[in-house]
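Asks: Here you go, sequence then predicted model.
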Amino acid sequence: MKIYIKAAITNIFDEPLEDRQDIALDPNTSVDTLIKLSEDKDPTVRLCLIVNPNTPKDIVDKLLSNGEWTFLEQVALCLSVEPDVLARLAKHSHPAVRGKVAFNIYTPSAVLEDLASDENESVRWNVAGNKNTPVDILIEMAKDDSSYIRSGVANNPSTPTSIVKMLAKDSVEVVSRLAKQNLGNRRNR
């Protein structure tokens, strides 16, 4: 990160992209500058603002409300995004956004629990594969009619061994193969 006096910046948008990203991430950046950066045309700068814990909540809300679903997917994948932002994105209308929330290992358990019953199979598959999905949810998902969902559970290192052994006998080859690989990986640890 470059060191410079922020007060000396006359037009933040004249700064190079990397510097604007650094300024947006810096928890010591003034609120006035963060507000200015919320108008930046580059989505990576706006993403940096969302993960900065000192960005005012109303600015984060504005960025989330005005964000295209492709931008919100990137927000959902961020490992440093606040849990309340992930919970909010978990209710987004676009399944790709919900799917990325389900994939994020820092998504709160309660949010993963809700997403486990999502109407979209890809969202549920991401829940099934998330190593932080609660065990009781993985056990339920192991009984899913969809082999796609069962394959996610079979491959998840957090799935209880007894469930993985059950899935190793699944009638769908990909599910049983993934479960057997998972069991093999556990023996090799």
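Replies: Happy to help now that I have it. Numbers count the residues shown, from 1 in each chain.

Asks: Please enumerate the helices of the chain.
Replies: With DSSP state H as the criterion, the chain has helices at 17-25, 31-37, 43-51, 57-66, 69-77, 83-89, 95-103, 109-115, 121-129, 135-141, 147-155, 161-167, 173-187.

Asks: now for these, which one comes closest to residue 11?
Replies: Closest approach to residue 11 among the helices of the chain is made by helix 31-37 (9.2 Å; CB to CB). Heads up, the C-betas are built off the backbone N, CA and C, glycines and all.

Asks: Reformat the helices of the chain as CSV; add mean neighbour count and mean pLDDT.
Replies: Putting these into CSV (neighbours: other CB atoms under 10 Å; pLDDT from 0 to 100) gives the following:
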stretch, mean neighbour count, mean pLDDT
helix 17-25, 19, 95
helix 31-37, 16, 94
helix 43-51, 21, 93
helix 57-66, 14, 91
helix 69-77, 19, 93
helix 83-89, 18, 95
helix 95-103, 24, 97
helix 109-115, 18, 97
helix 121-129, 23, 98
helix 135-141, 17, 98
helix 147-155, 23, 98
helix 161-167, 17, 98
helix 173-187, 15, 95
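
Asks: got TSV for these, with distance to residue 11 too?
Replies: Compiled in TSV, those are given as follows (distance: least, CB to CB, whole Å):
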stretch	distance to residue 11
helix 17-25	11
helix 31-37	9
helix 43-51	14
helix 57-66	19
helix 69-77	24
helix 83-89	29
helix 95-103	33
helix 109-115	40
helix 121-129	41
helix 135-141	50
helix 147-155	48
helix 161-167	57
helix 173-187	54
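
Asks: Thanks a lot, see you next time.
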